[in-house]
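> sharing a model prediction with you, sequence too.
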Amino acid sequence: MASLRDGLKRTRQSFFGRIAQAIGATEIDEDSWDEVEALLLQADVGVSTTMQLIETMRGRVRREGITHQDQLIAALKDELRKLLMEPQPLNLSGRELSVVLIAGVNGSGKTTSIGKMAYRMRLNNRKVILAAGDTFRAAAIDQLKLWGERAGVPVIAGQPGSDPGAVVYDAISAARARGAEVLIVDTAGRLHSNFNLMAELVKVRDVLRKVIPDAPHETLLVLDGTTGQNALTQAKKFQEAVAVTGVVVTKLDSTAKGGMLFAIQQELGLPVHYIGIGESMYDLVFFNPTAFVDSLFENGSEE
Ligand code: GDP
């Protein structure tokens, strides 16, 4: 099981950890600001968010007479922290059956994240069921079944090529029959030119609504953290198709672009609920803004 600090090692070593060096021990000058700006951009904080940050920081340095490196880093951490939303608990209780619709393109880490989430929920004594709504890829069905086994939760699946709506319908019946509290629905994520990803997603959502009018109670978009700004473009398309309620950012352990989390929240206005920091079942953590910002800077021995 990876720790948050381990998971964010690349982002820290490549960018945020270098900000202290860029600032230097004495008074910050123009060159230093340029360097800080470049580091934030390289970490994928995004252009508008970076510009806004630098502006705010310059203002603070002037007003508060900050000169010391430590004070400056503390102020920057403070400002970065303010860019992140305080996570709200997922809207998954207070009713008989809550439904989570999972969206994202293939390879983003959807199946893995569903498995990890299901495992976490089961550990919290919640009765979970998974629906293999990506019927377009036989491998997707098999993989979800495998994660279901690992996590110890049942998976409702159809034949490859079958109607995803029918699978979802069956899964709701199964969930009700078994007294499940949470149904997590996987969806297709392929980006082929002859496949309308968004239309398929809307179809699945509509089937859910026919049976449970206020479903889905959460629509989580899984974004691959290694794809940086591309993920933001993707997310906007998903937002146009369905009401995305939150984001799961995966693979933060294998990228140096952890800064994208600031851009996601600033530019998309979406909360990040979970982050993936490894491939095992345990490597999904609730997103905690303070711990996240601390882990980006935390000193200590780097092996
Ligand atoms: P899907 O096509 O969206 O369902 O994506 P998968 O769940 O199959 O994941 C694609 C690849 O990303 C797999 O090799 C996963 O092991 C890997 N992956 C998913 N989440 C993480 C993560 O948080 N960290 C790392 N390092 N790899 C991940």
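That came through fine.
> secondary structure element for Ser108?
Using DSSP states H and E, Ser108 sits in no helix or strand.
> now it: how far from Val155?
From Ser108 across to Val155, the span is 19 Å (CB to CB, to the nearest Å). Every C-beta, even on glycine, is put in place using the N, C-alpha and C of the backbone.
> cool, Arg120 as well?
16 Å.
> these two: which is more packed in?
Shown here are Arg120 and Val155; by other CB atoms under 10 Å, Val155 has more neighbours (23 against 18).
> quick check: phi and psi on that one?
Note on Val155: backbone dihedrals following degrees, to the nearest 10 are phi -120, psi 130.
> any idea how far Val99 is from it?
Distance, Val155 to Val99, using CB to CB: 15 Å.
> wait, what's in contact with the residue of the chain at minimum distance from the ligand?
Per CB to the nearest ligand atom, Gly276 is where the chain lies closest to the ligand, at 2.5 Å. With contacts defined as CB atoms under 8 Å, 6 or more residues apart in numbering, Gly276 is in contact with 109, 112-113, 116, 225, 248-253, 283-284.
> which of the residues you listed fall within helices?
Thr112, Ser113, Lys116 (DSSP state H).
> just put those in a markdown table and tack on neighbour count, distance to the ligand and pLDDT.
Listed next are those as a markdown table, based on neighbours: other CB atoms under 10 Å; distance: CB to the nearest ligand atom, whole Å; pLDDT from 0 to 100:
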| residue | neighbour count | distance to the ligand | pLDDT |
| --- | --- | --- | --- |
| Thr112 | 23 | 3 | 97 |
| Ser113 | 25 | 6 | 98 |
| Lys116 | 26 | 8 | 98 |
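> helix or strand: which one has Lys210?
Using DSSP H and E, Lys210 sits within helix 197-211.
> quick one: contacts of that helix?
Residues from elsewhere that reach helix 197-211, judged by CB under 8 Å, 6+ apart: 99, 101, 103, 105, 133, 164-165, 168-169, 172, 185, 187-191, 215-216, 219, 237-238, 240-242.
> could you rerun that using 7 Å?
Residues outside helix 197-211 that contact it (CB atoms under 7 Å, 6 or more residues apart in numbering): 99, 101, 103, 133, 164-165, 168-169, 172, 185, 187-191, 215-216, 237, 241-242.
> and those, which are buried?
99, 101, 103, 133, 164-165, 168-169, 172, 185, 187-189, 215-216, 241-242 (16 or more other CB atoms under 10 Å).
> pull the residues that contact the helix or strand encompassing Ser32.
Using DSSP H and E, the element containing Ser32 is helix 30-42. Applying CB under 7 Å, 6+ apart, the set of residues contacting helix 30-42 from outside is Phe15, Arg18, Ile19, Ala22, Ile23, Gly24, Val47, Thr50, Leu53, Ile54, Gly259.
> how about the third one, secondary structure?
Right, the one you point to is Ile19. With DSSP: H, G, I helix; E, B strand; the rest coil as the basis, the three-state label of Ile19 is helix.
> burial of it, as a residue count?
Using other CB under 10 Å, Ile19 has 21 other residues around it.
> which residues are in contact with it?
By CB under 7 Å, 6+ apart, the contact list for Ile19 reads Val36, Leu39, Leu76.
> repeat the analysis, applying 6 Å as the threshold.
The neighbours of Ile19, taking CB atoms under 6 Å, 6 or more residues apart in numbering as the test, are Val36, Leu39.
> next: the fifth one.
Residues near Ile23 by CB under 6 Å, 6+ apart: Ser32, Gln69, Leu72.
> one more pass at 8 Å, please.
Ser32, Val36, Gln69, Leu72, Ile73.
> which SS class is the nearest residue to Met260 once chain neighbours are set aside?
Nearest residue to Met260 in three dimensions, chain neighbours excluded: Asp44, at 4.3 Å (CB to CB, 6 or more residues apart in numbering). At Asp44 the chain is in coil, as set by three-state DSSP.
> tell me the residues of the stretch 101-250 of the chain that contact the ligand?
With CB under 6 Å from any ligand atom as the criterion, the stretch 101-250 of the chain meets the ligand at residues Gly104, Asn106, Gly107, Ser108, Gly109, Lys110, Thr111, Thr112, Gln143, Gly189, Thr250.
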